[in-house]
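Undergrad: dropping the sequence and predicted coords here.
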Amino acid sequence: MPGPFATLLLADMGASIDKLEDTSGGDYMRHMPPQIGGENSIFLALNRGKRSFVLDLKNPRGREALLDLLPRYDVLIDQFRPGVLARLGLSHETLRGRHPGLVVCAITGYGQTGPLAHRAGHDLNYLARGGVLGFQGPKDGPPAVPGFQIADIGGALYCVVGVLAALLARTRTGDGAVVDVSMMEAAMGFAMSGFGTQFGAAVTRGDEPLTGGLACYRTYETKDGQYMSLGALEPKFWLAFAAGVGLEADMGALVPGPHQADLTRRVAEIFAARTRAEWEAFASERDCCLEPVLTPVEAMADAHVKARRLFFKMQSPWGEIDQMRLPFSREAPTRPPPRQGEHTEEILREAGFEDARIASLRAAGVLGG
């Protein structure tokens, strides 16, 4: 997820992205369910606007080919564990020795240094080890597993920021750089408010203002078994909500403490007396930070999302596929995701590889596609 999402962001901003895959199955996400015409739907969502080429980096001729291609590129994204490229003879130092202006961005779970640098992990592990999961969920239950990849996407965003900053610095110095992005640290950055509280006092999961400790900042079940989110953190929003439901407006509602338990019970009873549709009508008339909890399907069909043209259809070799526009882009990208190795020869020829060399590499099993 992190490397493909980072390069998706860059591709949608106009960068030319070439995706290097191996000679076996390529990106293994291609083969996972759910499938659309033999390709994974998440892969198709992440890889529009890119080209794919295939080299066997375990073969010395494949490594030589990559080093010969390298001067054509500004950036190389590395999401192997630390040391993997070095064992292939393609360490960051080797890459930058061949191309001093190259920006290498290494995205890993725990960073390039430290006791955990070589440890395997996934998004949930990075949240857990970084203390972020410790903020999640009610105090009388286990930490809640998020429904999306915070560390992966956060790592991708920091990757893009680091790459753009390094490219800007290169315009002044002429030198590239190695950008070290830890997905655990990226996730911890999203929890800045929680850690900021921790700097002043110990925190208890489920008791803090943004983790369920306030009746005015929670989700509530409605009469028809749906849910609403109330985010009335500021006095004006809490006063508007309280006035609308006939609740006495006590400013203590905005302060954590034992009194929140009774207030939360009373607010829950109020929400349980109306359907979600009735609460949506209430929210449309009062400015109180109240929104329905939509399912992903409902969100895709939401009138506001449609007005923003967030989702669109793209023509591809697999037929018409659904895509999601990124926040900064107003024009829907049109280049579909690549088949594995689809652009191998095109990329090599652009770099000046002659037909005889390409044929020799293919005969040796170094190329794919």
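TA: Structure's in. What do you need?

Undergrad: domains of the chain?
TA: 2-190+309-368, 217-221+227-292 (automatic domain parsing).

Undergrad: now the biggest helix by length in the chain: average pLDDT?
TA: Counting by DSSP state H, the longest helix found in the chain is helix 150-173. For helix 150-173, mean pLDDT rounds to 97.

Undergrad: can you list contacts of it?
TA: Residues outside helix 150-173 that contact it (C-beta atoms under 8 Å, 6 or more residues apart in numbering) are 1-3, 5-6, 9-10, 74-75, 77, 101, 103, 105, 107, 109, 123, 126-127, 130, 132, 175-177, 179, 181-184, 186-187, 189-190. Placement of C-beta: from N, CA and C, glycine included.

Undergrad: so among those residues, which ones count as buried?
TA: By neighbour count, with 16 or more other C-beta atoms under 10 Å, these hold 1-3, 5-6, 9-10, 75, 77, 103, 105, 107, 109, 123, 126-127, 130, 132, 176-177, 179, 181-184, 186-187, 190 as buried.

Undergrad: inside helices: which ones of these?
TA: Counted as lying in helices by DSSP H, out of these, are 2-3, 5-6, 9-10, 123, 126-127, 183-184, 186-187, 190.

Undergrad: between those residues, which sits nearest Ser41?
TA: Within those, the smallest distance to Ser41 is 14.9 Å, found for Phe5 (C-beta to C-beta).

Undergrad: the closest one reaches Leu46, doesn't it?
TA: Yes - the pair Phe5 / Leu46 is scored as a contact, 6.1 Å apart, by C-beta atoms under 8 Å.

Undergrad: just for this structure, where's the confidence low?
TA: Applying pLDDT under 70 to the chain picks out residues 197-202, 330.

Undergrad: the host helix or strand of Arg218 pairs with which strands?
TA: Using DSSP states H and E, Arg218 sits within strand 217-221. Strand 217-221 has the following strand partners under DSSP bridges: strand 227-231 (antiparallel).

Undergrad: what's in contact with the strand it pairs with?
TA: Outside strand 227-231, the residues that touch it by C-beta under 8 Å, 6+ apart are 216-222, 237, 241, 267, 271, 276, 279, 283, 288-293.

Undergrad: determine how far stretch 133-144 lies from the middle of the whole chain.
TA: 22 Å (C-alpha atoms, centre = their mean, to the nearest Å).

Undergrad: on that earlier part again, Throw the domains of the chain into TSV and include distance to Glu208, thanks.
TA: Below are the domains of the chain laid out as TSV (distance: least, C-beta to C-beta, whole Å):
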stretch	distance to Glu208
domain 2-190+309-368	7
domain 217-221+227-292	7
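
Undergrad: how far out from the middle of the chain is the strand holding Arg218?
TA: Distance of strand 217-221 from its chain centroid, counting by C-alpha atoms, centre = their mean, is 26 Å.

Undergrad: ok, back up a step: compare the domains of the chain and report which one is nearest to Arg205.
TA: Taking C-beta to C-beta, domain 2-190+309-368 is the member of the domains of the chain nearest to Arg205, at 5.3 Å.

Undergrad: ok, now which ones touch the closest residue to Asp152 other than its chain neighbours?
TA: Closest residue to Asp152 apart from its sequence neighbours, by C-beta to C-beta, 6 or more residues apart in numbering: Met1 at 4.0 Å. Applying C-beta under 8 Å, 6+ apart, we find Met1 in contact with Leu46, Asp123, Gln149, Asp152, Ile153, Ala156.

Undergrad: just checking, what packs against the helix or strand encompassing Leu239?
TA: If you go by DSSP H and E, Leu239 is part of helix 235-245. The helices and strands touching helix 235-245, judged by 3 or more C-beta pairs under 8 Å, 6 or more residues apart in numbering; DSSP states H and E, number zero.

Undergrad: let the chain start at 30 from now.
TA: Got it, first residue is 30 now, which makes that one helix 264-274.

Undergrad: the nearest residue to Ser211 once chain neighbours are set aside: how many residues sit nearby?
TA: With C-beta to C-beta, 6+ apart as the criterion, Ser211 has its nearest non-adjacent residue at 3.6 Å, and that residue is Gly140. Neighbour count for Gly140, taken as other C-beta atoms under 10 Å: 17.

Undergrad: from Arg158, how far out is Gly140?
TA: Computed as C-beta to C-beta, to the nearest Å, the Gly140 to Arg158 distance reads 12 Å.

Undergrad: what touches both of these two?
TA: Shared contacts of Gly140 and Arg158 (C-beta under 8 Å, 6+ apart): Met213.

Undergrad: tell me where the protein has strands.
TA: Applying DSSP state E to the chain gives strands spanning 46-50, 64-65, 68-69, 79-84, 104-107, 132-137, 206-211, 246-250, 256-260, 319-321, 340-345, 348-353, 396-397.

Undergrad: looking at those strands, which is nearest to Pro365?
TA: strand 340-345 (3.5 Å).

Undergrad: next one: that closest one to chain centre, how far?
TA: Offset of strand 340-345 from its chain centre (C-alpha atoms, centre = their mean): 21 Å.

Undergrad: pull the CA atoms of that strand into CSV?
TA: What follows is strand 340-345, C-alpha atoms only, in CSV (Å, rounded to 0.1, in the frame of the first residue of the first chain):
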residue,chain,number,x,y,z
PHE,A,340,-15.6,8.8,-7.9
PHE,A,341,-15.4,8.2,-11.6
LYS,A,342,-15.3,5.5,-14.3
MET,A,343,-12.1,4.7,-16.2
GLN,A,344,-11.8,2.8,-19.4
SER,A,345,-9.2,0.0,-19.1
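
Undergrad: cool, thanks, talk later.
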